[in-house]
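**Q** give me the fold of what follows.
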Amino acid sequence: MRTIALITQGCCPPLMKTPIDEAEAERLAGAFKLLGDPGRLRLLSLIAAHPGGEACVCELTEPLGLSQPTVSHHLKLLHQAGLLEREKRSTWVYYKVDPATLKTVRDALAI
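**A** Numbering: from 1, shown residues only. As a prediction, the model looks like this:
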């Protein structure tokens, strides 16, 4: 029993440098839940890697192999969570990764 206690003590540094409050935990949990979907992770990756760092839904359906309504739904959820910014240009909507929100999510996992 004592060996187990020694092994677990100090084996893993905390995920965050300071404790987060309930509201921040809810916000981060929501972002992690959204990012738990492989299609949404691929969307973020495709948008970030796209020339200019932005893409229209019409440029994302084929690489994902998903229908336009499905891609639009995922984009909407990512936008609502603050992970994507959007800009309407004429009849098209262009999306780009929000660097500040992505940094917050990434920093939550930094050791």
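**Q** Leu84 versus the most centrally placed residue in the chain, what's the distance?
**A** In the chain, the residue lying closest to the centroid (CA atoms, centre = their mean) is Leu35, at 4.8 Å. Distance, Leu35 to Leu84, by CB to CB, to the nearest Å: 12 Å. Quick note: C-beta positions are derived from backbone N, CA and C, even for glycine.
**Q** and the strands in the chain?
**A** Here the chain has its strands, by DSSP state E, at 54-56, 84-89, 92-97.
**Q** just for this protein, where's the confidence low?
**A** By pLDDT under 70, the weakly predicted segments of the chain are 1-17, 111.
**Q** where along it do the helices fall?
**A** With helices called from DSSP state H, the chain shows them at 2-8, 22-35, 38-49, 61-64, 68-80, 99-109.
**Q** using PDB, list the CA coordinates for the longest one.
**A** The C-alpha atoms that make up helix 22-35 are tabulated as PDB, following Å, rounded to 0.1, in the frame of the first residue of the first chain:
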ATOM      1  CA  GLU A  22     -16.800  26.800 -12.200                       C
ATOM      2  CA  ALA A  23     -17.700  29.000 -15.100                       C
ATOM      3  CA  GLU A  24     -14.300  28.500 -16.800                       C
ATOM      4  CA  ALA A  25     -14.500  24.700 -16.200                       C
ATOM      5  CA  GLU A  26     -18.000  24.700 -17.900                       C
ATOM      6  CA  ARG A  27     -16.600  26.700 -20.800                       C
ATOM      7  CA  LEU A  28     -13.600  24.500 -21.300                       C
ATOM      8  CA  ALA A  29     -15.600  21.300 -20.900                       C
ATOM      9  CA  GLY A  30     -17.900  22.500 -23.600                       C
ATOM     10  CA  ALA A  31     -15.000  23.200 -25.900                       C
ATOM     11  CA  PHE A  32     -13.400  19.800 -25.200                       C
ATOM     12  CA  LYS A  33     -16.700  18.100 -25.800                       C
ATOM     13  CA  LEU A  34     -17.100  19.700 -29.200                       C
ATOM     14  CA  LEU A  35     -13.500  18.800 -30.100                       C
END
